[in-house]
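Asker: using only what follows, build the 3D model:
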Amino acid sequence: MADCIFCFIASGDLEATVVAESDTAVAFRDQSPAAPVHVLVVPREHHESAAEMARVDAQGVADLFALVGEVARGEGVETTGYRVLTNVGADAGQEVAHLHLHVVGGGPLGALLSRPRG
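Answerer: Below you'll find the model as predicted:
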């Protein structure tokens, strides 16, 4: 996609702090971290969401999660715990229309969702 910031990062045309990479994906530090460890894992090929990529490239999705494991080991959260999140669509809060997995950890993260009581 011509104006996709994550495509520019994945191709090396835009600088980012890369922590791991494979032939099919790249992992880099989030510029606005929500936790002590906050790394984004993106496919090098443009896919808008996990749902879209799963329909056309199931092996690519598996490759993303293999890189997530490498990031967790490299960041020292593999045994202490970490969370992997992705947003699909506007209602979920997806801000960049390029699949990206958030790998967050480095301390207690708290509840993922809270439900209203009553």
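
Asker: need the three-state assignment for residue 70.
Answerer: helix (DSSP: H, G, I helix; E, B strand; the rest coil).

Asker: how much space is there between residue 99 and residue 3?
Answerer: Using Cβ to Cβ, to the nearest Å, residue 99 is found at 16 Å from residue 3. (C-beta placed from N, C-alpha, C; glycine too.)

Asker: the nearest residue to residue 11 once chain neighbours are set aside: neighbour count?
Answerer: Spatial nearest neighbour of residue 11, chain neighbours left out: residue 44 (7.2 Å); criterion: Cβ to Cβ, 6 or more residues apart in numbering. For residue 44, the count of nearby residues is 18 (other Cβ atoms under 10 Å).

Asker: need the contact list for residue 44.
Answerer: 10-11, 23-26 (Cβ atoms under 8 Å, 6 or more residues apart in numbering).

Asker: buried ones only from those residues, please, as a PyMOL command.
Answerer: The buried residues among these can be selected in PyMOL (16 or more other Cβ atoms under 10 Å) with this line:
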select buried, resi 10+24+25+26
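
Asker: so which of the contacts of residue 44 are in strands?
Answerer: Judged by DSSP state E, the contacts of residue 44 include 25-26 as members of strands.
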